[in-house]
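Participant: Quick one, structure for this:
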Amino acid sequence: MTESSRPKILVVDDAGPVVILCVNVLQALGYAIRAANRGETALDLCRKESFDLLVVDYKMPGMNGFEVLEQARRIRPGMACMLMTAHGTPDIINEATRLGFDYILLKPFTPSELRGAVDKVLASKA
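Facilitator: Below is the predicted model:
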């Protein structure tokens, strides 16, 4: 698989261990990964590069995952988006669904849960 044919995923989370887990698991599966620890940084990357999937945490300093989604979709309308959250309350789940997230992954998650969620979202967008 060439660099340009590999799906590109942007992982956004302020928790370093979560980013490291996501990057390690997804790179091992052959995905091209970029990571950011803030929403503003993620949006800058979206302006410069095209991504197939945005994987964003809900609760971060500055912008939350919902705000990142809304702005990222303006920049890259066709990009798939997945929410990661440890705050899976009914209100947050309902709002994430209303905003159009393609998948909601509850923390803590296993590498196989992450892999399954990413594969499912990318397959649905193919």
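Participant: Need the single longest helix in the protein, by residues.
Facilitator: In the chain, assigned by DSSP state H, the helix with the most residues is helix 111-125.
Participant: ok, and what's touching it?
Facilitator: If you take C-beta atoms under 8 Å, 6 or more residues apart in numbering as the criterion, helix 111-125 is touched by 7, 9, 21-22, 25-26, 29, 31, 52-53, 55, 78, 80, 82, 102-103, 105, 109. C-beta: built from backbone N, CA, C; applies to glycine.
Participant: again, only using 10 Å
Facilitator: With contact meaning C-beta atoms under 10 Å, 6 or more residues apart in numbering, helix 111-125 is reached by 7, 9, 11, 18, 21-22, 24-26, 28-29, 31, 52-53, 55, 78-82, 84, 101-107, 109-110.
Participant: Also stretch 65-73?
Facilitator: Contacts of stretch 65-73 (C-beta under 10 Å, 6+ apart): 10, 12-13, 36, 38-43, 45-47, 51, 54-60, 62-63, 79, 81-85, 87, 92, 95-96, 98-101.
Participant: now, which of those lie within helices?
Facilitator: 39-43, 45-47, 92, 95-96, 98-99.
Participant: From the residues you listed, pick the one nearest Ala126.
Facilitator: Cys46 (20.4 Å; C-beta to C-beta).
Participant: and the closest residue to the closest one other than its chain neighbours, what does it touch?
Facilitator: Distance criterion C-beta to C-beta, 6 or more residues apart in numbering; nearest residue to Cys46, sequence neighbours excluded, is Ile75 at 4.6 Å. If a contact means C-beta under 10 Å, 6+ apart, then Ile75 has 43-48, 50-51 as its contacts.
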